[in-house]
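structural data only, the sequence is not supplied:
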């Protein structure tokens with residue numbers, strides 16, 4: 001019965017393709033989460049590097065937790081950047097920022113490398129790349145990005161906008 005009703009409706013109101021920049025065209029995108037995640041990757045890397053490894057249960061527990069959080073947040077960076085790349089950035093953005101494709105590619109690779117290694121330079125580089133994407137994102141919105149000192153223990157900046 002339902003099939004017949006659907007066929008009748010489709011006959012009178014034929015389906016047309018709908019085009020949107022994402023699955024749900026909500027228009028809500030922000031690189032802030034990726035920045036927080038990148039800061040977290042850096043902080044967890046710092047904590048792992050400064051942990052005193054003495055093979056006690058607490059030491060092993062702490063390093064395990066830091067590693068787990070570092071990996072989760074590196075994956076979160078990748079997720080957030082993929083959403084911006086796949087759903088927000090458009091062809092006109094690539095024309096205006098021709099290095100954006102390479103920047104996104106390198107950022108995703110750095111996030112993977114940050115998961116695999118305990119390397120503060122890689123974690124800092126990941127944050128730098130995420131900040132560059134944030135600056136481009138805000139510019140595409142007609143906003144003026146600027147960097148401010150964060151209050152995070154990483155001691156590094158965060159990109160905001162005016």
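Yep, that arrived. Because the structure is a prediction, the values reported are computed rather than measured.

how far off centre is the least confident helix or strand in the chain by mean pLDDT?
Across the helices and strands of the chain, mean confidence by mean pLDDT, DSSP states H and E is lowest for helix 2-12: a mean of 72. Remark: helix 2-12 is offset 43 Å from the chain centroid, using C-alpha atoms, centre = their mean, to the nearest Å.

stretch 65-79 now?
On C-alpha atoms, centre = their mean, the centre of stretch 65-79 falls 11 Å from the chain's centre.

check stretch 73-91 too.
5 Å.

list the buried residues in stretch 100-108.
For stretch 100-108, the neighbour count (16 or more other C-beta atoms under 10 Å) marks 100, 103-104, 107-108 as buried. Heads up, the C-betas are built off the backbone N, CA and C, glycines and all.

try stretch 48-64
Neighbour-count burial for stretch 48-64 [16+ other C-beta under 10 Å]: 48, 62-63.

out of the buried residues of stretch 100-108, who's nearest residue 155?
The closest of those to residue 155 turns out to be residue 107 (C-beta to C-beta; 21.2 Å).

once you drop chain neighbours, what's closest to residue 71?
residue 115 (4.9 Å; C-beta to C-beta, 6 or more residues apart in numbering).

on that earlier part again, nearest to residue 96, of the buried residues of stretch 48-64?
For these, the residue nearest residue 96 by C-beta to C-beta is residue 48; the value is 38.9 Å.

name the element that closest one belongs to?
Secondary structure from DSSP states H and E places residue 48 in helix 32-50.

likewise for residue 148?
With DSSP H and E as criterion, residue 148 is part of strand 145-149.

and that strand, how far from the chain's centre?
Worked out by C-alpha atoms, centre = their mean, strand 145-149 lies 18 Å from the chain centre.

if you count neighbours, what's buried in the helix or strand following that strand?
Remark: after strand 145-149, the chain's next helix or strand is strand 157-161, criterion DSSP H and E. Of all the residues in strand 157-161, those buried under the rule 16+ other C-beta under 10 Å are 157-160.

measure residue 61 to residue 55 for me?
Noted for residue 61: a distance of 11 Å to residue 55, by C-beta to C-beta, to the nearest Å.

distance of residue 37 from residue 59?
When distance is defined by C-beta to C-beta, residue 37 is 26 Å away from residue 59.

from memory residue 162 sits against residue 146, does it?
Yes - using C-beta atoms under 8 Å, residue 162 is in contact with residue 146, at 6.6 Å.
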